[in-house]
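*Asks:* sequence and predicted model, in that order:
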Amino acid sequence: MITVRFFSMVREALGVEELSVELSDSINSVASLKRALADQNGAIWDETLHQPNLVHALNQRLVRIEAAVVDGDEVAFFPPMTGG
């Protein structure tokens, strides 16, 4: 099981802050997790999770979409951050 968290505009678009996802043979990376969530939940999830510059974090560290996920991990999705 992995914990998936959504922040800021991503959370608002999807209407959910956190969920638990059972790992499977088809979910083994951040990319495959995004694909599975979009397939299960419809067009708004697909659009939101595949927007350009979406930030991915694995166990509170920024990662590329190819990063592997394992049981017990936490994956978070949020829009790009700006500084100033």
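*Replies:* Good, I have the coordinates.
*Asks:* all strands for the protein, in order.
*Replies:* In the chain, strands defined by DSSP state E lie at 2-6, 18-21, 55-58, 61-62, 74-78, listed in chain order.
*Asks:* reformat these as CSV; add mean neighbour count and distance to residue 48.
*Replies:* For every residue, glycine as well, the C-beta is placed using N, CA and C. Formatted as CSV, the strands of the chain follow (neighbours: other CB atoms under 10 Å; distance: least, CB to CB, whole Å):
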stretch, mean neighbour count, distance to residue 48
strand 2-6, 18, 9
strand 18-21, 12, 14
strand 55-58, 18, 13
strand 61-62, 10, 19
strand 74-78, 19, 8
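*Asks:* and the lengthiest helix in the chain, what does it pack against?
*Replies:* The single longest helix within the chain, with elements called by DSSP state H, is helix 30-41. On a contact count with 3 or more CB pairs under 8 Å, 6 or more residues apart in numbering; DSSP states H and E, helix 30-41 meets strand 2-6, strand 18-21, helix 43-49, strand 74-78.
*Asks:* contacts for the longest one, please.
*Replies:* By CB atoms under 8 Å, 6 or more residues apart in numbering, the surrounding residues in contact with helix 43-49 are 10, 13, 14, 34, 37, 38, 39, 77.
*Asks:* please apply the same query to the last one.
*Replies:* Strand 74-78 is contacted by residues 2-8, 10, 30, 33-34, 49, 54-60, 69 when judged by CB under 8 Å, 6+ apart.
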